[in-house]
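**Q** for reference, the sequence and a predicted model appear below.
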Amino acid sequence: MGVSENIKQFLASEIPANVKLIAVSKTKPVETILEAYKSGHKIYGENKVQDLVDKYNELPKDIEWHMIGHMQSNKVKYVAPFVSLIHGVDSFKLLKVINKEGEKNNRKIDCLLQFHIAKEETKFGLDLNETTEFLKSDEFKNLNHINICGVMGMATFTENEDTIRPEFNELVHIFNQLKNTYFPKNDDFKEISMGMSADYKIAIEEGATMVRIGSLLFGARNY
C-alpha cells in the first residue's frame, strides 16, 4: 500500500474527527511527501528548521507546516514567514523571539507551550511554576505577534502504559489549569499535542487534540 492510501486508511480507522493528524515527514524526501499530499492530507511536521524551509520552498503552498522539534532562538527567523504552528515553545525567551519575528513578518505566529512531562531528563519543556510566572507578567501581555493555542508534551519512551498514561493525564491537567486561569476567553487555546506512533492511542483516550505520527504513515525513517 502506498503512502497516500496509508494516510487515508489511517485517518478513516484510527483518528477521531476531533483530533488533528500531524503527519511527521522528517527525514522523508519531497517525492514521498507529494505522494502523501495526494491523499488530500495537508498537515505535516518537521523537526529541523533547514528541512522545514527546504520542503516549504519545494512543495505546494497550501500545506500547513508544523515545527515539532526543539526550536532554537537563532533559527526562528527562517520559519517565521510561513510556519503554521510551533509546537515546542519551551522558554519565555524563545516566545519573545518568536514574537519579534512575527512582528517583522507582520503576522501572529501560533504556538504551543511545551511541558516536561516525561521521566527522562533529555526531554525539553517548561514547568508549570515558571510558566505561570511569565503568563502573569506585563511583558507577556504585550506580546502581540504570538498566539498561544495550547500545550504540547512528550511521554517517556517506554511500552509501559502505566508510565505513559499518567504523563498524558498530567498534560491535560496543565492545559485545563492554564485554560481556566489565563485563557478563558481565548477560543484558540484548545490544542493538546501529545502522542506519537507508539503511544497515540493512549494519547487520544486521554484527550489529545493533535497527534504526531511518522513511522506508521511513512515507514521507518530515512537517515
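**A** Thanks, I have it.
**Q** what bridges to E191?
**A** Beta-bridge pairing of E191 under DSSP bridges involves G150.
**Q** and the gap between H116 and S25?
**A** 25 Å (CB to CB, to the nearest Å). Backbone N, C-alpha and C define where each C-beta goes, glycine included.
**Q** more neighbours, those two?
**A** Each of H116 and S25 has its neighbours counted (other CB atoms under 10 Å); S25 has more, 27 against 18.
**Q** give me the pLDDT value at K119.
**A** K119 is assigned 81 on the pLDDT scale.
**Q** phi and psi next, for the closest residue to it other than its chain neighbours.
**A** Distances taken as CB to CB, 6 or more residues apart in numbering place T156 nearest to K119, at 4.6 Å, with adjacent residues excluded. Dihedral pair for T156: phi -60, psi 140, per degrees, to the nearest 10.
**Q** what's the local residue count around T156?
**A** 15.
**Q** just checking, it touches D162?
**A** No: between T156 and D162 there is no contact under CB atoms under 8 Å: 10.7 Å.
**Q** would you mark the buried spots in stretch 118-134?
**A** 118, 123-126, 131, 134 (16 or more other CB atoms under 10 Å).
**Q** G102: which of the residues you listed is nearest?
**A** Nearest to G102, judged by CB to CB, of these is F134 at 17.0 Å.
**Q** tell me the contacts of the residue most central in space within the chain?
**A** What sits nearest the mean C-alpha location of the chain, by CA atoms, centre = their mean, is H87, with 3.3 Å. By CB atoms under 8 Å, 6 or more residues apart in numbering, the residues touching H87 are 45, 66-68, 112, 114, 152, 193, 212.
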